[in-house]
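> A structural model of the following input is requested.
(one chain, ligands or ions: 1)
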Amino acid sequence: MTNSELTAQLERYKWYHIIPLTPAVSTPGRADFASHHAPVLRQMDAVDFRGKRVVDIGCRDGKFCFEAEKRGAAEVLGVDTSLSLGAVELLIPFFKSKVRMLEMGLYDLNVAEHGQFDIVLFPGVLYHLRYPFTALKTLADLLPDGGRMIIETGIFADEDKRALLFCPVGKESPYEPSSVTFYNRKGMVDSLKTFGLRVDAVDYKSDKDRKRTDGEIIRGTFLCTKDSALAAEHPQHYWVGGAHKHWQKS
Ligand SMILES: C[S@@+](CC[C@H](N)C(=O)[O-])C[C@H]1O[C@@H](n2cnc3c(N)ncnc32)[C@H](O)[C@@H]1O
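Sure, this is the predicted structure:
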């Protein structure tokens, strides 16, 4: 296929990611989101993908699926509530890729149906979720101990004196009305711990963001390792509505 034939094919779809297909042709995605992606790629550099089973949550056009495959992943599943037709019909065949994509919501992922994953990629989705704790638990449960998760999200950059979740609705959202969930750094790290995820490293778009404490929304990328002993320190049974005898006289 010539570059102009490829460009004509690309015009049939709507694109979010910029993904190079040839030295001269890339998917015409949003250039303004590229700066969110750099810290995710840096955190991916710290993880060994070789032979691993990977799931990319909210995969859109598959930028991070293809990155995982390039880095040697044995199997990559991308899930999104709105499948990218361009990725499925054009990119996967073009790259002769083994990436699989499913149109589904993350809350429906479970080990019984989908198996365990060694690596969960979760960029650019958490701040859109109204049920963030359920999402974190659902995704943490997909990992065996030692499994890795990379979470990229909007963060409420305060002084981190308390573990907080800023949950603006409607016009108060700093982005747009689907963006309703912004932990502060302490809220993110402490919440992850309760689901058995230890944060090993946090990366930012800039050093200025790393140091920010004025309540602005910044982007943070958290590299985590699963350690179920961390979750066992917390009353998981109570949190999921399990029967208990707390108020009964013994
Ligand atoms: C802001 S885009 C981020 C795309 C990509 N992950 C990235 O970082 O470049 C959010 C994506 O998450 C998807 N999404 C939103 N809620 C989801 C859910 N509950 N389960 C799976 N995907 C979801 C959207 O359809 C969209 O493609």
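
> On the three-state scheme, the residue lying closest to residue 150 once chain neighbours are set aside is what?
Residue nearest to residue 150 in three dimensions, not counting chain neighbours: residue 43, with 4.9 Å by Cβ to Cβ, 6 or more residues apart in numbering. The C-beta positions use only the backbone N, C-alpha and C, and glycine is treated the same way. Secondary structure for residue 43, judged by DSSP: H, G, I helix; E, B strand; the rest coil, is helix.

> Might one say that residue 43 is in contact with residue 204?
No: the criterion here is Cβ atoms under 8 Å, and residue 43 misses it with residue 204 at 11.0 Å.

> can you give me the strands in this protein?
53-57, 75-80, 100-103, 119-123, 148-157, 165-166, 182-183, 197-204, 216-226 (DSSP state E).

> how much space between the residue nearest the centre of the chain and residue 136?
Computing the C-alpha centroid of the chain and ranking residues by Cα atoms, centre = their mean puts residue 122 first, at 0.9 Å. According to Cβ to Cβ, to the nearest Å, residue 122 stands 9 Å off from residue 136.

> re earlier: can you redo the strands of the chain as CSV with mean pLDDT?
As requested, the strands of the chain are exported to CSV (pLDDT from 0 to 100):
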stretch, mean pLDDT
strand 53-57, 98
strand 75-80, 98
strand 100-103, 98
strand 119-123, 99
strand 148-157, 98
strand 165-166, 98
strand 182-183, 98
strand 197-204, 98
strand 216-226, 98
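
> Report the beta-bridge partner residues of the closest residue to residue 227 other than its chain neighbours.
Once flanking residues are discounted, residue 227 sits nearest to residue 198: 5.2 Å by Cβ to Cβ, 6+ apart. Beta-bridge partners recorded for residue 198 (DSSP bridges): residue 225.

> rewinding a little: any chance of JSON lines for the strands of the chain, columns distance to the ligand?
Below are the strands of the chain laid out as JSON lines (distance: least, Cβ to the nearest ligand atom, whole Å):
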{"stretch": "strand 53-57", "distance to the ligand": "6"}
{"stretch": "strand 75-80", "distance to the ligand": "5"}
{"stretch": "strand 100-103", "distance to the ligand": "9"}
{"stretch": "strand 119-123", "distance to the ligand": "4"}
{"stretch": "strand 148-157", "distance to the ligand": "6"}
{"stretch": "strand 165-166", "distance to the ligand": "17"}
{"stretch": "strand 182-183", "distance to the ligand": "14"}
{"stretch": "strand 197-204", "distance to the ligand": "14"}
{"stretch": "strand 216-226", "distance to the ligand": "10"}
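
> Nearest to residue 36, out of the ones you listed?
strand 216-226 (5.5 Å; Cβ to Cβ).

> Could you quantify the relative orientation of the closest one and strand 119-123 as an angle?
Going by axes from the mean of the first three to the mean of the last three Cα atoms, to 10 degrees, strand 216-226 is angled at 170 degrees with respect to strand 119-123.

> So which elements touch strand 216-226?
Applying 3 or more Cβ pairs under 8 Å, 6 or more residues apart in numbering; DSSP states H and E, one finds that strand 216-226 contacts helix 34-45, strand 148-157, helix 185-194, strand 197-204, helix 207-211.

> one more time with 6 Å, if that's ok
Contacts defined by 3 or more Cβ pairs under 6 Å, 6 or more residues apart in numbering; DSSP states H and E place strand 216-226 against helix 34-45, strand 148-157, strand 197-204.

> need the residues of this protein near the ligand, please.
Residues of the chain found near the ligand (Cβ under 6 Å from any ligand atom) are 17, 57-58, 60, 63, 79-82, 105-106, 123-125, 128.

> Any quick ChimeraX command for the buried ones out of the residues you listed?
A single ChimeraX command is used to select the members of the residues of the chain next to the ligand judged buried by 16 or more other Cβ atoms under 10 Å:
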select :17,57,58,60,63,79,80,106,123,124,125,128
